[in-house]
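Visitor: Attaching a predicted model along with its sequence, questions to come.
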Amino acid sequence: MGERKRETAVVVSQEEIADGIFSMRIRTDAAENAAPGQFISMYTNDPSKLLPRPISICEIEKENRVLRVVYRVTGEKTGTELFSRMKEGDTLPIIAPLGNGFPLDRAEGKTAFLIGGGIGVPPILELAKQLHCKKQIVAGYRDSQTFLRREFEQNGELYISTEDGSVGTKGNVLDAIRENNLRADIIYACGPTPMLRAIKKYAGEEKVECYLSLEERMACGIGACLACVCRTMEKDSHSNVNNKRICKDGPVFLSTEVEI
Amino acid sequence: MGERKRETAVVVSQEEIADGIFSMRIRTDAAENAAPGQFISMYTNDPSKLLPRPISICEIEKENRVLRVVYRVTGEKTGTELFSRMKEGDTLPIIAPLGNGFPLDRAEGKTAFLIGGGIGVPPILELAKQLHCKKQIVAGYRDSQTFLRREFEQNGELYISTEDGSVGTKGNVLDAIRENNLRADIIYACGPTPMLRAIKKYAGEEKVECYLSLEERMACGIGACLACVCRTMEKDSHSNVNNKRICKDGPVFLSTEVEI
Amino acid sequence: MNKMNQNPCLEVNIAGVTWKNPVTVASGTFASGAEYTDFVDLNRLGAVTTKGVASIPWAGNPTPRVAETHSGMMNAVGLQNPGIDLFCKRDIPFLRQFDTKIVVNVCGKSEEDYCETVERLAGEDVDMLEINISCPNVKEGGIAFGQNPKAAEEITRAVKRYAKQPVIMKLSPNVTDIGEMARAVEAGGADAVSLINTITGMKIDINRRKFLLANRTGGLSGPAIHPVAVRMVYEAARAVKLPIIGMGGIFSAEDAIEMILAGATAVSVGTANFHNPSVTMEIVDGIEAYMRKYGFGTVGEMVGIVE
Amino acid sequence: MNKMNQNPCLEVNIAGVTWKNPVTVASGTFASGAEYTDFVDLNRLGAVTTKGVASIPWAGNPTPRVAETHSGMMNAVGLQNPGIDLFCKRDIPFLRQFDTKIVVNVCGKSEEDYCETVERLAGEDVDMLEINISCPNVKEGGIAFGQNPKAAEEITRAVKRYAKQPVIMKLSPNVTDIGEMARAVEAGGADAVSLINTITGMKIDINRRKFLLANRTGGLSGPAIHPVAVRMVYEAARAVKLPIIGMGGIFSAEDAIEMILAGATAVSVGTANFHNPSVTMEIVDGIEAYMRKYGFGTVGEMVGIVE
């Protein structure tokens, strides 16, 4: 008890892979037992910023003890901007891995949709690498800056949607699914709430098992502070109300458990 | 009006010259018109630390546009500790030069004491370099770590006092003056208040013109906030009370003007 | 300054209850401890102060419930809690496994609420009660009691009637005169006071022109407000004879010692747990190191000695 | 959102006085402006608010008068000032050289003090008066008036009897209900309110076990307390019809805009001047850029529109 600690990770590489989208690889023992869909509480070195930034894991390199995160810089003077300025050899405090990832076993022998939208695209990559069923990856972007595209193409059938229509289907990920007449027996998705809401509805209509990775502002990241709750259909056994903790009970939930 | 700005200085070199005593050289246009006894408002890059640290100028290299400061790290997590971690090429915001330095002209043709104690020793160096009268430098240290000693020896007669007696006279700077039967027609001094108090008394008894460089916690550093005042014998024409602003009216004062 | 060699004793006595050291956690930042067991040996804490519990389950406020501020944060969780029944069944037995005191924080929306929960706890194996009359994030989260001396005195007297354990009244900093509030709960029969709860703040997203917190306002905590907490602990200590549990922006042993020198007998660590989940143990060690350095034999020798 | 192309007008009208933009400085951080002329073109400020002036010279508190805190600072200068006579002879003519409004901050230890100074200023060429009834650092620095609604209403009524210029009452945040204080000065006839003054804090040097400030307590300011200031400006704006000058931890245009969206017609920049003496001009530029970006034609369109 009390043997786990906030640890110090070392930046191995940092690269801007699209406008304002950065890919950072960090060395940490946490790589040992990380799973797709889990996240990292990343702390800045700015003493005026106290809270961790929850960033989902994009890739796991167990052998190198490396975790990769792909994140968007959300503005000037933000924590993500500070992360983006870090260089090889710099260190940052982290707590990882946190949360429950995507249930891989549920996909066995099935055809799966792996859906990512915007900055929800990155966690889909490690999922694609570890899922061994028939994979239809659907990635939704704003425009032609289709970051991680090559990596996805190496890990399944890739379908792309872009808001401006510059690549793939013009519209959102569901438009891409319809345009290509795709079907699946199970869905894994991560992205903005409106997209997840649409996918939850789609999964309900199609009666498909569906797992959604949710986001919310967090404080502790370990399930204590009750900041990052989501509404649940049934009363939750832990909270004893219709709330679950995204950081601890999630971030991945069965679409039928949660109200979004 | 409004053309002066907080500027960005670049660290040229950083060196620990005694335990916890650092020498940093920074490139800045402020070197152009800096004078001995003036100070620099140095800002950290830590957003949680808002106020500048007033650090006295140790050396001025006009030709290189470089100012040298020698400062003590006052503790963990302090601004001075952050300064001490800076490396060549790092930048920091500064406002300089600030305050009024030592009146050099008053020493013409006279024999002068240049007295520094502890972290008040550094500003005496540039003073020694620019004074061209007979100079008797008296430097008081805690122990054998007599930083800047070599530079002083090149710029006048050097007398040293140490609290532990490991070098020079055992005791304080006045003990060194008495032990060596030194006399002077004018005194310039910088150091801890107890030392300055003793020198003020000595100057009064010896009827010697005496200039003291005072220290106090500052906020603005430019004379507006009235944080760093010292008591004056006469009512001050600006404040209209018996207070002068150390940052703006000083830091160097005629010993007979101030109560310390 | 004269006992450099002895081993300092960190024990403190709060209203008759002996803690092994003066460090507990601020209610709401630590749940009932289970989530922290990976990071903290609960046996090393003087006490665990639980998340506020009410007579029935509360769902709390909509999200977002937190926002970061300069050297601080705001929260508007709204006292979500599972209700006293599940709490007694699950959380108390869990905490009893550890060698630490249990301080149960009680919240309510009416005098009846508070009393019902306090009465229910009278039969439970817990060491102290902390009555939250200062939550700024729930309309009837007690703040009505916490900003009015008369009401504070009355609610104190009411809960004392039902309480079997010593009662700590948790005070709000959102008042004109913290000393008056401390005197009020002392008059009502409180056994101790804890302060400060959070300071009400607000943050606006200027690009959306909307409140950052769903609740509009939230409670500001963290190092940003530590100087306000130290001042109020100092004022409260001079206003009453009751032992004081000081909290507000304690991130280090130095911050904790400042509170003790100002007049606190014990301290609560809150927001810092989010920054470093193991910080409480480091603070216990740091206080001991300080006592060694300056030769303090007991924590009591340090309480309120600033001059 | 529909005037993307027009030039935004930064003018604001406060109690009948038109400022060229909504930015002034917080009393006590800017003296009477002379020390800042190297760093700021005073013609670019909506107004200069002077350091508090009393009927006679005040020497202020002993040093240390300031201490740094996390994302903030504390001061206990104690209203050192040269007295109204020298102020009128020197500072007013100095400021009149510039195309900016002059707001004279008035402090006192009694109703007579305030009224004497206000009466003296009635004949002077200044634009507005700000009455400081909220200085936490002087026993009779007005805080007695600033924490009691009745007293605040009476002092307001008293100074209004002598004032020839519009009167801004500067409120203390060290109260239970800022709305009540705002209503009190409105009832007393105030023409505007400014808030927040500093929050009383304390810092202790744990190695010397002494107060860091000679005055023991000081006023906390800076980004640390900005969320508290925004909340109080929001509450005051909903409590009274008076124009509000918002202040408290404004370090950037974003912070200033937050205040305006919360209900302030103008803003005062204080502690930020110590961090960057040119910051006021940057804030004016930043507000204009924001108005352009979102198509606001006037500052008035932004006041209090947060939802």
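Guide: Right, received. Where do you want to start? Quantities reported herein were computed from a predicted structural model and do not represent experimental measurements. Numbering: from 1, shown residues only, chains lettered A, B, ... in the order given.
Visitor: number of nearby residues for the closest residue to A:Thr28 other than its chain neighbours?
Guide: In space, A:Thr28 comes closest to A:Ala9 once its chain neighbours are excluded; the distance is 4.2 Å by CB to CB, 6 or more residues apart in numbering or on different chains. For the C-beta atoms, the positions are set from N, CA and C on the backbone; glycine is no exception. When neighbours are defined as other CB atoms under 10 Å in any protein chain shown, A:Ala9 has 26 of them.
Visitor: Which residues does A:Ala9 form beta bridges with?
Guide: Counting by DSSP bridges, A:Ala9 is bridged to A:Leu92.
Visitor: so how far is B:Glu15 from it?
Guide: 31 Å (CB to CB, to the nearest Å).
Visitor: Please apply the same query to C:Phe39.
Guide: Applying CB to CB to C:Phe39 and B:Glu15 gives a distance of 40 Å.
Visitor: Backbone dihedrals for the closest residue to C:Asp127 other than its chain neighbours, please?
Guide: Nearest non-adjacent residue to C:Asp127, counting by CB to CB, 6+ apart: C:Lys101, 4.3 Å away. Here is the backbone geometry of C:Lys101 (degrees, to the nearest 10): phi -80, psi 150.
Visitor: Name the residues of stretch C:30-41 that come out as buried.
Guide: For stretch C:30-41, a neighbour-count test (16 or more other CB atoms under 10 Å in any protein chain shown) marks C:30-37, C:39-41 as buried.
Visitor: what's the burial count for A:Ala35?
Guide: So A:Ala35, with other CB under 10 Å, has 17 neighbours.
Visitor: Compute the distance between the nearest residue to it once chain neighbours are set aside and C:Thr63, please.
Guide: Leaving aside its sequence neighbours, A:Ala35 sits nearest to A:Gly101 (CB to CB, 6+ apart; 3.9 Å). Using CB to CB, A:Gly101 is found at 22 Å from C:Thr63.
Visitor: What's the end-to-end length of stretch A:235-247?
Guide: With CA to CA, to the nearest Å as the measure, stretch A:235-247 spans 18 Å from end to end.
Visitor: Residues of the stretch 201-307 of chain C that sit close to chain B?
Guide: Residues of the stretch 201-307 of chain C that fall close to chain B, judged by CB under 8 Å from any CB of the partner chain: C:Pro223.
Visitor: C:Asp285 sits in which helix or strand?
Guide: helix C:279-294 (DSSP states H and E).
Visitor: and that helix, does that touch chain D?
Guide: Yes - using CB under 8 Å from any CB, we find that helix C:279-294 touches chain D at C:Tyr290.
Visitor: Just the C-alpha atoms of that helix, please, in CSV.
Guide: Output of helix C:279-294 as CSV, limited to C-alpha atoms (Å, rounded to 0.1, in the frame of the first residue of the first chain):
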residue,chain,number,x,y,z
VAL,C,279,1.8,14.5,-0.8
THR,C,280,0.2,13.8,2.6
MET,C,281,3.0,11.3,3.6
GLU,C,282,5.6,13.8,2.5
ILE,C,283,4.0,16.5,4.6
VAL,C,284,4.0,14.3,7.7
ASP,C,285,7.7,13.6,7.1
GLY,C,286,8.5,17.3,6.5
ILE,C,287,6.8,18.3,9.8
GLU,C,288,8.9,15.8,11.7
ALA,C,289,12.1,17.0,10.0
TYR,C,290,11.2,20.6,10.9
MET,C,291,10.6,19.7,14.5
ARG,C,292,14.0,17.9,14.6
LYS,C,293,15.8,20.8,13.0
TYR,C,294,14.4,23.3,15.6
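Visitor: can you map out the strands along the stretch 51-200 of chain A?
Guide: Shown for the stretch 51-200 of chain A, the strands assigned by DSSP state E, counting those that start in this stretch span residues A:53-56, A:59-61, A:66-72, A:91-98, A:111-117, A:134-141, A:157-162, A:169-170, A:186-190.
Visitor: Around chain B, pick out the residues from chain A.
Guide: Counting by CB under 8 Å from any CB, chain A sits next to chain B at A:46-48.
Visitor: again, but for the stretch 1-150 of chain C
Guide: Counting by CB under 8 Å from any CB, the stretch 1-150 of chain C comes close to chain B at C:70-71.
Visitor: Could you give me the buried positions within stretch A:171-187?
Guide: Neighbour count says stretch A:171-187 has A:172-177, A:184-187 buried, by 16+ other CB under 10 Å.
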